[in-house]
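J.: Give me a model of this one.
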Amino acid sequence: MNNLQSLLLTSTIFIGGFVGYIYKTAYDNYKEYKEKQDNENLFKDNTRPQNEYFGLSYGFRADKIVLEKLDSGDLIFMKFNCMNCITFTDIIKCNYQWTQKPYPHYDSLGVIYRDAMNVKVLYDRFGQIVIEDYAQFLANPFWNELIIRQLESDRKCHKNLRELFNNVQEGSAVQMILENMDILENKDNIDNILIEDLDTEKSQLFKTDVKFGPKIIVRTKTNKDLD
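T.: Sure thing, here's the model as predicted:
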């Protein structure tokens with residue numbers, strides 16, 4: 001066997017092993033996630049039948065308190081744990097997006113929309129714009145960190161966000177959110193704004209009457225590991 005053949009054989013074995021590892025990881029993640037979804041009554045707070053399942057077997061009351069306070073225009077800052085995704089494709093997409101992202105800390109930005117019936121979240125999940133109910137959003141298994149900042153100024157964005165959630169288009173979630181919330185003093189440099197620039201109570205980027213509240217830590221890697 002010559003050097004080229006040895007290299008090809010080694011590369012094939014390595015690639016096959018890597019693909020097998022990703023498939024096995026995704027399968028195990030899906031199996032655990034499906035078990036929790038199918039048996040949510042074993043994991044959620046059952047003191048009331050109408051209680052929702054937020055993805056953890058503890059901390060229901062804290063999640064419920066946050067849910068009740070959320071309103072249109074609140075921002076969610078996200079970090080993914082790619083190896084906790086439940087499909088092979090999502091693990092690959094998540095890791096690829098992580099290598100390409102322009103943001104130094106966060107992986108994605110989301111925004112809350114609340115109507116009379118539901119609280120929903122719009123965010124970029126591995127390159128695709130997704131809208132989910134808040135409880136379903138929290139129950140996703142791939143969170144490494146979730147931070148919420150509540151909009152404390154006048155929520156003039158409610159109507160715009162309703163239209164965004166009803167007619168979502170493909171594109172940059174960050175740009176969509178900022179354009180529809182209308183919180184920036186100057187939109188000329190919207191392409192250069194990082195998610196981290198928005199993780200503050202007041203900013204020179206914001207209009208003078210725009211203010212966000214302090215950080216609400218909803219998920220961390222630590223509390224996911226405790227579940």
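
J.: Need the residue closest to the centroid of this protein.
T.: residue 78 (4.8 Å; C-alpha atoms, centre = their mean).

J.: looking at this, that one is in a helix?
T.: No: Residue 78 is assigned strand when assessed by DSSP: H, G, I helix; E, B strand; the rest coil, not a helix.

J.: Please, where are all the strands along this protein?
T.: If DSSP state E is used as the criterion, the strands of the chain fall at 75-80, 108-114, 119-125, 128-133, 143-149, 216-220.

J.: still on that earlier bit, and the spatially closest residue to the residue nearest to the centre of the chain that is not a sequence neighbour, how far from residue 126?
T.: Once flanking residues are discounted, residue 78 sits nearest to residue 108: 4.4 Å by C-beta to C-beta, 6 or more residues apart in numbering. Glycine gets a C-beta too; all of them are placed from N, C-alpha and C. Plainly put, residue 108 is 9 Å away from residue 126 if you go by C-beta to C-beta, to the nearest Å.

J.: Report the set of residues contacting both of the two.
T.: Common neighbours of residue 108 and residue 126, counting by C-beta atoms under 8 Å, 6 or more residues apart in numbering, are residue 80.

J.: so how far is stretch 213-222 from its chain's centroid?
T.: Put simply, stretch 213-222 sits 12 Å off its chain's centre (C-alpha atoms, centre = their mean, to the nearest Å).

J.: ditto for stretch 164-176
T.: Stretch 164-176 has its C-alpha centroid displaced from the chain centroid by 15 Å (C-alpha atoms, centre = their mean).

J.: which residues are contacting that stretch?
T.: 108-110, 113, 120, 122-124, 129, 131, 177, 180, 190-191, 193, 195.

J.: Identify the farthest-apart pair in those residues.
T.: Spatially, the most separated pair among the contacts of stretch 164-176 is 120 and 191, at 26.1 Å (C-beta to C-beta).

J.: what's the burial count for the residue lying closest to residue 82 once chain neighbours are set aside?
T.: Closest residue in space to residue 82, ignoring its immediate chain neighbours: residue 94 at 3.7 Å, by C-beta to C-beta, 6+ apart. By other C-beta atoms under 10 Å, 21 other residues sit near residue 94.

J.: Could you check how far the closest residue to residue 120 other than its chain neighbours is from residue 196?
T.: Take residue 120 and drop its neighbours on the chain: the residue closest to it by C-beta to C-beta, 6+ apart is residue 113, 5.1 Å away. Between residue 113 and residue 196 the computed distance is 23 Å (C-beta to C-beta).

J.: what about these two, which has more around it?
T.: Higher neighbour count among residue 113 and residue 196: residue 113, with 25 against 13, using other C-beta under 10 Å.
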